[in-house]
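Enquirer: next come a sequence and a model predicted from it.
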2 protein chains.
Amino acid sequence: MDKVEIPRKAIYRLSIYSRCLRRLSEKGIETVSSSALASAAGVKPAQLRKDLGYFGQFGTRGLGYPVEVLLTAFREVLGRAALQPVILVGAGNLGRALLRYEGFLKEGFEVLAAFDKSPESIDTTRVPVPLHSDDELANFIKKHRVRMAILCVPAEFGQEVTNTLVEAGVQGILNFSPTILQTPDHVVVTRVDLAMELENLSFFIDQ
Amino acid sequence: MDKVEIPRKAIYRLSIYSRCLRRLSEKGIETVSSSALASAAGVKPAQLRKDLGYFGQFGTRGLGYPVEVLLTAFREVLGRAALQPVILVGAGNLGRALLRYEGFLKEGFEVLAAFDKSPESIDTTRVPVPLHSDDELANFIKKHRVRMAILCVPAEFGQEVTNTLVEAGVQGILNFSPTILQTPDHVVVTRVDLAMELENLSFFIDQ
DNA sequence: TGGTGTGAAGTGGTTCACAGCA
DNA sequence: TGCTGTGAACCACTTCACACCA
């Protein structure tokens, strides 16, 4: 019955809704209409309703959605997130920054460890996780059953490190290296290319 | 004649192609086929050809595309990027990291200055740009005709700061604050939400 | 022959519009 | 009455398939 494939983008938006709901919940708001939540999330009301429809029926006609019920349902869907151990590879400027970034923690993620080609030459002040050598990567992943990795190595090492990660069992990679990774189908890669985002933005600027 | 609207995604991919081409160029490769370039960029050959088609005819049938010609053409389209002055607002962990990140420079961007609510309390070691108070934001933007900004303030200040930016003339915002910004239509916002990317990835992990 | 350029067909996702229920 | 739930219409982008040309 349930075999309507859920669009990736809908799943992606779930995280946005989730965050908006948390804010509503903090304010003590108990019910929210599709139009209110949609505008907070920056989408159209119909889109929101359709997205929710993929996961069940949560609303009351004429009233709206109960905030807590939605939150619980979303946690069910995205909930495994918090449980996933994550590692970070490449402790350069960007890598170290991400390690220090409280944003991950705030959303319930814990970075277990970081890896670098030459860990001894790295300034680890205020880096709150152990830093190992790349050599230990495969063993660590297998031992701790790591399935997700944040990749911040220079572009030229991206593919090589990725092969190691995938080989050892990683299934999801958040790739900050400015390169396109070749991976098997069962591995999901999300690319975040900061310079490219800027370059792209500039296209839309007048004059 | 030329009034076929170019899809946003096509423009976005231009940056990817551009980077792949630069790498080919460095290797001294002079011509490339659509299938070779496409696979390097992680897209289908037909997609690449269609994308190029939006901007002109660059290829030779039976041969492929001249690398340098494509590069020049792309620079024409995306070229203004390098000339755009950029500022960064919010010098927390993430903000400072981005300031130190060489990736922007490498792609030709120069961050003019950074701003923070309380600049005096911030560790500016190895931050290579002047750090000002938020109070000076509007004046600075107007004076230097800044059109692009990188936003790294905490979520709760995102909208407030954005209003200031837009009011002062900013037209493109790269938003790292985990919040949805309301902006007029002429302002383009690209959101990069690191925790959300992780959360989303975890959805696709087995077991 | 080999690879581009492109109309036409296909696909996935968004938006509409309205039936249905508190 | 007000707002959800959802099939149907729509739209944007992707992929196909083949004419065309060095």
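Expert: Nice, thanks for sending it over. Numbering: from 1, shown residues only, chains lettered A, B, ... in the order given.
Enquirer: mind saving the C-alpha coords of stretch A:139-150 as CSV?
Expert: Only the C-alpha atoms of stretch A:139-150 are listed here, as CSV (Å, rounded to 0.1, in the frame of the first residue of the first chain):
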residue,chain,number,x,y,z
ASN,A,139,40.0,-0.1,11.6
PHE,A,140,38.2,2.6,13.5
ILE,A,141,35.3,2.6,11.1
LYS,A,142,34.9,-1.2,11.4
LYS,A,143,35.4,-1.3,15.1
HIS,A,144,32.8,1.5,15.9
ARG,A,145,30.5,0.6,13.0
VAL,A,146,30.7,4.1,11.7
ARG,A,147,28.3,4.8,8.8
MET,A,148,28.7,8.5,8.3
ALA,A,149,31.7,10.7,7.6
ILE,A,150,32.4,14.3,7.0
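Enquirer: list the residues that contact whichever residue of chain A sits closest to chain B.
Expert: Closest residue of chain A to chain B, C-beta to the nearest C-beta: A:Ala97 (2.5 Å). C-beta here means a position set from N, CA and C on the backbone, and glycine is covered the same way. Contact analysis of A:Ala97 by C-beta atoms under 8 Å, 6 or more residues apart in numbering or on different chains lists B:Asn93, B:Leu94, B:Arg96, B:Ala97, B:Leu98, B:Arg100, B:Tyr101.
Enquirer: hmm, 7 Å instead?
Expert: Contact partners of A:Ala97, counting by C-beta atoms under 7 Å, 6 or more residues apart in numbering or on different chains, are B:Asn93, B:Leu94, B:Ala97.
Enquirer: tell me what angle the host helix or strand of it forms with helix B:93-100.
Expert: If you go by DSSP states H and E, A:Ala97 is part of helix A:93-100. Angle, helix A:93-100 to helix B:93-100, by axes from the mean of the first three to the mean of the last three C-alpha atoms, to 10 degrees: 170 degrees.
Enquirer: which other residues reach the strand of greatest length in chain A?
Expert: Ranked by number of residues, the top strand in chain A under DSSP state E is strand A:110-116. Contact with strand A:110-116 is made by A:85-91, A:95, A:99, A:104, A:122, A:129-134, A:137, A:140, A:144, A:146, as judged by C-beta under 7 Å, 6+ apart.
Enquirer: could you pick out the buried ones from these?
Expert: Among those, those buried by neighbour count (16 or more other C-beta atoms under 10 Å in any protein chain shown) are A:85-91, A:95, A:99, A:104, A:122, A:129, A:131-132, A:134, A:137, A:140, A:146.
Enquirer: A:Thr183: neighbour count?
Expert: 18 (other C-beta atoms under 10 Å in any protein chain shown).
Enquirer: now swap in A:Pro66 and tell me
Expert: 15.
Enquirer: returning to what we had before: would a markdown table of the contacts of A:Ala97 with pLDDT be doable?
Expert: Converted to a markdown table, the contacts of A:Ala97 look like this (pLDDT from 0 to 100):
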| residue | pLDDT |
| --- | --- |
| B:Asn93 | 84 |
| B:Leu94 | 88 |
| B:Ala97 | 85 |
